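**Q** quick check, what structure comes out for this input:
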Amino acid sequence: MKSCLIVIDVQESFRYHPFFTGDGLAAFLEAQNALIEGCMARGVPVVRVLHCDGPATPSNPFAAESGHVQPLAGLVPFEAAATFTKSRHSALVGTGLDVWLTRQGVQRLIVSGIRTEQCCETTTRHASDLGWQVDFVTDATHTWDMVQPDGRPLAAADIKSRTATVLQGRFATLCSVPEALQRCTPDAATGAAA
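**A** Just a heads-up that it's a prediction; the model follows:
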């Protein structure tokens, strides 16, 4: 089964957003980089998705005019098989990514990136509903603490756990980095990356 790694919104824009903290960033980048390098070593295509929306002004970190819609510092450099820019939560809305994946014969998506519960989860649900098998690599996703509607804090670890709970068995297979890489090893019969 042909796989493709989707790296969602791992971009400098977040460093300039008020909610950004460095908490957990190093561990996320270590996992994300291992996933990228492992996929590249196995001949699995790696797709970059960047988020760009809001006012087209330099003060908006998600506007191209800001100069921040670029790969996050610390992300391993890689030659993307394709790059898409989105303005919605799902990487499959209005980007052409779905068409590209279909033309490439991709049957399984490996989802990673920022934010766990937002663009990564939304893309996962959307991809599953469109018929792709999805491996969700929780360690290779990142988010921040949030405040609940009642004012209580909600830790990033709890957000990740909640996302994993609602995706598992319904919309995705939860995978560690090694598990995701093992699932896309070359097919011994054809020599092609699965």
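**Q** run through who's touching the helix or strand of the chain with the lowest mean pLDDT.
**A** Ranking every helix and strand in the chain by mean pLDDT, DSSP states H and E puts strand 146-147 at the bottom, with a mean of 93. The contact list for strand 146-147 (C-beta atoms under 8 Å, 6 or more residues apart in numbering) reads Phe19, Pro153, Leu154, Ala156, Ile159. The way it works is simple: take the backbone N, C-alpha and C, and place the C-beta from them, glycine included.
**Q** filter those down to the buried ones.
**A** Ala156, Ile159 (16 or more other C-beta atoms under 10 Å).
**Q** ok now the longest helix along the chain, how far from the chain's centre?
**A** Identified as the longest helix of the chain according to DSSP state H is helix 25-41. With C-alpha atoms, centre = their mean, to the nearest Å as the basis, helix 25-41 stands 11 Å off its chain's centre.
**Q** so for the helix or strand just after that helix, mean pLDDT?
**A** Counting by DSSP states H and E, the next helix or strand C-terminal to helix 25-41 is strand 46-51. Throughout strand 46-51, pLDDT has a mean value of 98.
**Q** give me the helices and strands touching strand 46-51, please.
**A** Applying 3 or more C-beta pairs under 8 Å, 6 or more residues apart in numbering; DSSP states H and E, one finds that strand 46-51 contacts strand 3-8, helix 25-41, strand 82-86, helix 97-104.
**Q** relative to strand 82-86, how tilted is it?
**A** 20 degrees (axes from the mean of the first three to the mean of the last three C-alpha atoms, to 10 degrees).
**Q** ok, strand 46-51: who's next to it in the sheet?
**A** strand 3-8 (parallel), strand 82-86 (parallel) (DSSP bridges).
**Q** before we move on, the earlier item: turn the contacts of strand 146-147 into TSV, including distance to Ser87 and pLDDT.
**A** Listed next are these as TSV, based on distance: C-beta to C-beta, whole Å; pLDDT from 0 to 100:
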residue	distance to Ser87	pLDDT
Phe19	19	82
Pro153	30	95
Leu154	26	95
Ala156	25	95
Ile159	23	97
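**Q** from the contacts of strand 146-147, which land in helices?
**A** Short answer: the contacts of strand 146-147 in helices (DSSP H) are Ala156, Ile159.
**Q** distance to Ser59 for the contacts of strand 146-147 - can I get that in JSON lines?
**A** Shown next, in JSON lines, are these (distance: C-beta to C-beta, whole Å):
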{"residue": "Phe19", "distance to Ser59": "16"}
{"residue": "Pro153", "distance to Ser59": "28"}
{"residue": "Leu154", "distance to Ser59": "28"}
{"residue": "Ala156", "distance to Ser59": "26"}
{"residue": "Ile159", "distance to Ser59": "28"}
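**Q** which residue packs closest to Pro55, ignoring adjacent ones?
**A** Closest residue to Pro55 apart from its sequence neighbours, by C-beta to C-beta, 6 or more residues apart in numbering: Ala63 at 6.3 Å.
**Q** I'm done for today, thanks for sticking with me.
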